[in-house]
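1. sequence plus predicted model, see below.
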Amino acid sequence: MEYKDLIRKKIGRIADRLLTVLFSICILIIVFILFQVTTFTTFHIPSDSMYPALQAGDNVLVNKWIMGARIFNIWDALEDKEVKIHRLLGVGKIKRNDVLVFNFPYPAKKDSLAMDVMLYYVKRCIALPGDTLEIRNGFYRIRGTGEELGNMAAQRRISALTENDSRGVVMESFPWSKRLGWTIKEFGPLPVPAEGQVVSLDSISILFYQHIIRYEQKKELSLRDKLIYLGDSLIREYRFRENYYFVSGDNMENSRDSRYWGLLPESYIVGKATRIWKSKDPADGHIRWDRVFKKIE
């Protein structure tokens with residue numbers, strides 16, 4: 001009888017230890033998930049569109065604290081349903097030249113916005129909400145500032161391109177209007193909307209904002225006899241509900257960015273890429289130690 005009691009006690013102690021270990025593992029998993037959701041996450045760089053700052057095979061840390069982490073129904077997002085995105089309180093602001101990770105806003109077709117929760121891009125912020133952006137001879141300019149923006153070496157290369165010698169680079173750009181004739185060398189001025197900003201609408205400005213107005217209002221926008229209609233209502237101005245950004249890849253000859261698809265809604269931004277925590281050469285699988293823990297600038 002005493003022997004059986006000893007066995008029971010031993011089994012009980014083992015069971016208690018296993019339960020304690022399992023409980024600890026569950027707590028660690030929950031903490032890790034909360035950390036990923038609210039603080040930092042990681043992102044794998046699949047292409048060279050941000051070369052030389054980032055290379056294919058880099059894995060970067062993405063800081064969510066700056067803007068505040070996003071909270072939304074992940075299951076609805078995975079089913080391509082419309083989701084309401086909320087943000088936790090942030091501790092800072094995005095600045096020009098920050099490198100951002102975001103959900104690509106035009107996954108289906110270029111004339112409508114939709115958030116693909118499985119499709120992420122990484123680009124450099126060029127223009128902030130309220131800025132007026134221009135590209136002159138291939139170089140980014142923000143009215144009222146003399147700040148150097150983006151990859152200057154790439155802009156010099158773009159500046160040297162001609163229509164007859166574009167070297168395979170697509171020169172025509174957003175908003176894809178022959179009337180405007182904008183290119184990646186001569187672009188704008190494009191006012192980048194801020195939340196609460198009011199803009200007058202006409203046959204020119206509607207080209208800049210038609211997609212994001214449809215996105216905000218979930219209504220059809222049309223131009224009839226030079227008049228703008230939202231649904232059946234005639235409108236002559238519009239107040240934006242969200243902040244927007246203009247982003248660019250550093251490898252400008254091979255980057256699908258705002259020059260081609262337009263403005264990025266703030267709610268699609270995951271956070272700021274701050275540091276490369278791991279880098280593996282895709283060609284041979286070797287760790288690139290010179291890039292490990294490198295700050296992203």
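-> Okay, I see it.
2. pull up the gap between residue 295 and residue 187, please.
-> 30 Å (CB to CB, to the nearest Å). The C-beta positions use only the backbone N, C-alpha and C, and glycine is treated the same way.
3. more neighbours, those two?
-> A count of neighbours by other CB atoms under 10 Å puts residue 187 above the other of residue 295 and residue 187, at 22 against 7.
4. so where do the helices sit in the stretch 51-200 of the chain?
-> Assigned by DSSP state H, counting those that start in this stretch, the helices in the stretch 51-200 of the chain fall at 74-78, 152-160.
5. for the last one, packing partners?
-> Translated: helix 152-160. Under the contact criterion of 3 or more CB pairs under 8 Å, 6 or more residues apart in numbering; DSSP states H and E, helix 152-160 touches strand 139-142.
6. and residue 191, how close does it get to residue 19?
-> Taking CB to CB, one finds residue 191 at 61 Å from residue 19.
7. more neighbours, these two?
-> Per other CB under 10 Å, whichever of residue 191 and residue 19 has more neighbours is residue 191, with 19 against 10.
8. quick one: contacts for that one?
-> Residues near residue 191 by CB atoms under 8 Å, 6 or more residues apart in numbering: 131-133, 199, 208.
9. that one bridge partners, please.
-> Judged by DSSP bridges, the bridge partners of residue 191 are residue 132.
10. could you measure it against residue 176, distance?
-> Note on residue 191: its distance to residue 176, by CB to CB, is 18 Å.
11. kindly report the same for residue 275.
-> Distance, residue 275 to residue 176, by CB to CB: 36 Å.
12. how about residue 259?
-> To residue 176, residue 259 is 11 Å away according to CB to CB.
13. past the worst-scoring helix or strand of the chain on mean pLDDT, which element shows up next along the chain?
-> When the helices and strands of the chain are scored by mean pLDDT, DSSP states H and E, helix 2-38 comes last with a mean of 69. The C-terminal neighbour of helix 2-38 among helices and strands, as given by DSSP states H and E, is strand 40-44.
14. returning to that earlier point: and the furthest pair within the contacts of residue 191?
-> Within the contacts of residue 191, 133 and 199 form the most distant pair, 14.5 Å apart (CB to CB).
15. give me the more crowded residue out of those two.
-> Taking other CB under 10 Å, residue 133 and residue 199 do not tie; residue 133 has more neighbours (21 against 16).
16. dump the residue contacts of the residue lying closest to the more buried one once chain neighbours are set aside.
-> Spatial nearest neighbour of residue 133, chain neighbours left out: residue 127 (4.2 Å); criterion: CB to CB, 6 or more residues apart in numbering. Residues near residue 127 by CB under 8 Å, 6+ apart: 96, 133, 142, 190, 192, 245-246.
17. retrieve the pLDDT associated with the residue nearest to residue 194 when sequence neighbours are not counted.
-> Of all residues not flanking residue 194 in the chain, residue 129 sits nearest, at 3.5 Å (CB to CB, 6+ apart). Per-residue pLDDT puts residue 129 at 98.
18. flag the shaky bits of the stretch 51-200 of the chain, pLDDT-wise.
-> 108-111 (pLDDT under 70).
19. relative to residue 67, how far out is the nearest residue to residue 125 once chain neighbours are set aside?
-> Excluding its sequence neighbours, the residue lying closest to residue 125 (CB to CB, 6+ apart) is residue 98, at 4.8 Å. Taking CB to CB as the measure, residue 98 falls 10 Å from residue 67.
20. with residue 146 instead?
-> To residue 67, residue 146 is 26 Å away according to CB to CB.
21. those two: which has the busier surroundings?
-> Neighbours per residue (other CB under 10 Å) separate residue 146 from residue 67, with residue 67 holding more: 22 against 6.
22. check contacts around the more buried one.
-> 87, 90, 92-94, 266, 269, 271-272.
23. now the buried members of those.
-> Neighbour-count burial (16 or more other CB atoms under 10 Å) is assigned, among the contacts of residue 67, to 94, 266, 269, 271-272.
24. since that was my last question, I'll sign off now.
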